[in-house]
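Peer 1: based on what follows, work out the 3D shape:
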Amino acid sequence: MSQDRDYVPPRVWTWTKPSGGTFASINRPTAGATFEKELPVGRHPLQLYSQGTPNGVKVTIMLEELLSLGFGGAEYDAWLIDISKGDQFGSGFVEINPNSKIPALVDRSDAEPVTVFESGSILLYLAEKFGALLPKDRKGRAEALNWLFWQMGSTPYLGGGFGHFFNYAPIKIEYAIDRFTMEIKRQLDVLDRRLADRPFIAGPELSIADIAIYPWYGSLIQGWGYDGAVEFLSAHEYRNVNRWADELLARPAVQRGRRIGAWRKDIVGRIAERHEPSDLDTL
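Peer 2: This next block holds a predicted model:
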């Protein structure tokens, strides 16, 4: 920012969502912590600081899948970072993720804690740590990583583009909605063609590619994304994506993972935090 311009301080605004209620956004042009707050630490090796947004759900699904495979070392504490309240700007969270975005993970398995942020990085870290959900052969690994990074690169068009202008923007801009709608339909077509001859994104078995893509595109297809988007996008046309999404949702680990820190009130059995497996026993 030029020094000779008037400085406009950060502000908070609220507007009404199409589905009713309000959506608060914190506009901060600078990085760094805005208040002092240490992060809590539980008793498990893995400490997750997150919320049940699509990016956050990736990690809880991953951890629940690892636990279902018998990896006891994947036990974790999931602490709620409420981004609508600005928790991500607390000093403790900024220390483990300078970008102030959820999710962030601290692995305290060894004497020296390891900090991991960015959801794709966390999925890859956990897959390598436990030797699971990532093909071990070179070709299969490359396929899974191709689609993991496809999701990381494509989803800003879905969340920050289509989702923002279709669902959250205080004014409706027809060009912006049309522009991002066409891109999302193209991405859904890419996925639909990919899933035409294979059960999962990277091949015959579940991988971190599926875990990364499902919370965004699977949830979008199933109506858990943006209100009215299923009809608007003609989501029923993407039959292979629908089949894949339904099979993912049928997995117990996926059902458990998406309940943790869930922000949508229509997700049955949602819980703010998870510290023991029994926290998920009651619906």
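Peer 1: please make it C-alpha for all contacts and neighbour counts, starting now.
Peer 2: Fine.
Peer 1: what's the helix or strand for residue 267?
Peer 2: Under DSSP states H and E, no helix or strand contains residue 267.
Peer 1: so who does it touch?
Peer 2: Applying Cα atoms under 8 Å, 6 or more residues apart in numbering, we find residue 267 in contact with residue 259.
Peer 1: please tell me how far it sits from residue 217.
Peer 2: For residue 267, the distance to residue 217 (Cα to Cα, to the nearest Å) stands at 17 Å.
Peer 1: domains in the chain, by residue range?
Peer 2: Using automatic domain parsing, the domain ranges for the chain come out as 46-133+261-280, 138-250.
Peer 1: contacts for the helix or strand harbouring residue 79 next, please.
Peer 2: Under the criterion of DSSP H and E, residue 79 resides in strand 76-80. If you take Cα under 8 Å, 6+ apart as the criterion, strand 76-80 is touched by 40-51, 63, 260-261, 272-276.
Peer 1: whichever of these end up buried, select them in ChimeraX.
Peer 2: Buried residues within the contacts of strand 76-80, by 16 or more other Cα atoms under 10 Å, are selected in ChimeraX with:
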select :41,44,45,46,47,48,49,50,51,63,260,261,272,273,274,275
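Peer 1: among the contacts of strand 76-80, which are in helices?
Peer 2: Among the contacts of strand 76-80, the members found in helices (DSSP state H) are residue 63.
Peer 1: narrow the contacts of strand 76-80 to those in strands?
Peer 2: The strands, defined by DSSP state E, take in 46, 47, 48, 49, 50 from the contacts of strand 76-80.
Peer 1: closest to residue 72 among those?
Peer 2: Distance to residue 72, by Cα to Cα, is smallest for residue 46 among the ones in strands among the contacts of strand 76-80, at 11.0 Å.
Peer 1: my guess is that closest one contacts residue 60. True?
Peer 2: No: between residue 46 and residue 60 there is no contact under Cα atoms under 8 Å: 11.3 Å.
Peer 1: now do the contacts for residue 98.
Peer 2: 31, 32.
Peer 1: ok, it to residue 33 distance?
Peer 2: Distance from residue 98 to residue 33, by Cα to Cα: 9 Å.
Peer 1: what helix or strand is residue 29 located in?
Peer 2: Residue 29 is part of no helix or strand, with elements assigned from DSSP H and E.
Peer 1: read off the pLDDT value for it.
Peer 2: Here, the pLDDT recorded for residue 29 equals 73.
Peer 1: that one: neighbour count?
Peer 2: Here the number of neighbours of residue 29 (other Cα atoms under 10 Å) works out to 10.
Peer 1: could you do residue 55 as well?
Peer 2: 22.
Peer 1: burial count for the nearest residue to it once chain neighbours are set aside?
Peer 2: Counting by Cα to Cα, 6 or more residues apart in numbering, the nearest residue to residue 55 once its immediate chain neighbours are dropped is residue 119, at 6.0 Å. The number of residues packed near residue 119 is 22, by other Cα under 10 Å.
Peer 1: one more: residue 231?
Peer 2: Look at residue 231: counted by other Cα under 10 Å, it has 11 neighbours.
Peer 1: go on, residue 186?
Peer 2: Using other Cα under 10 Å, residue 186 has 12 neighbouring residues.
Peer 1: state the distance from it to residue 162.
Peer 2: Distance from residue 186 to residue 162, by Cα to Cα: 12 Å.
Peer 1: also residue 71?
Peer 2: Residue 71 sits at a distance of 37 Å from residue 162 (criterion: Cα to Cα).
Peer 1: could you do residue 40 as well?
Peer 2: For residue 40, the distance to residue 162 - Cα to Cα - is 35 Å.
Peer 1: nearest residue to residue 206 other than its sequence neighbours?
Peer 2: Of all residues not flanking residue 206 in the chain, residue 200 sits nearest, at 5.9 Å (Cα to Cα, 6+ apart).
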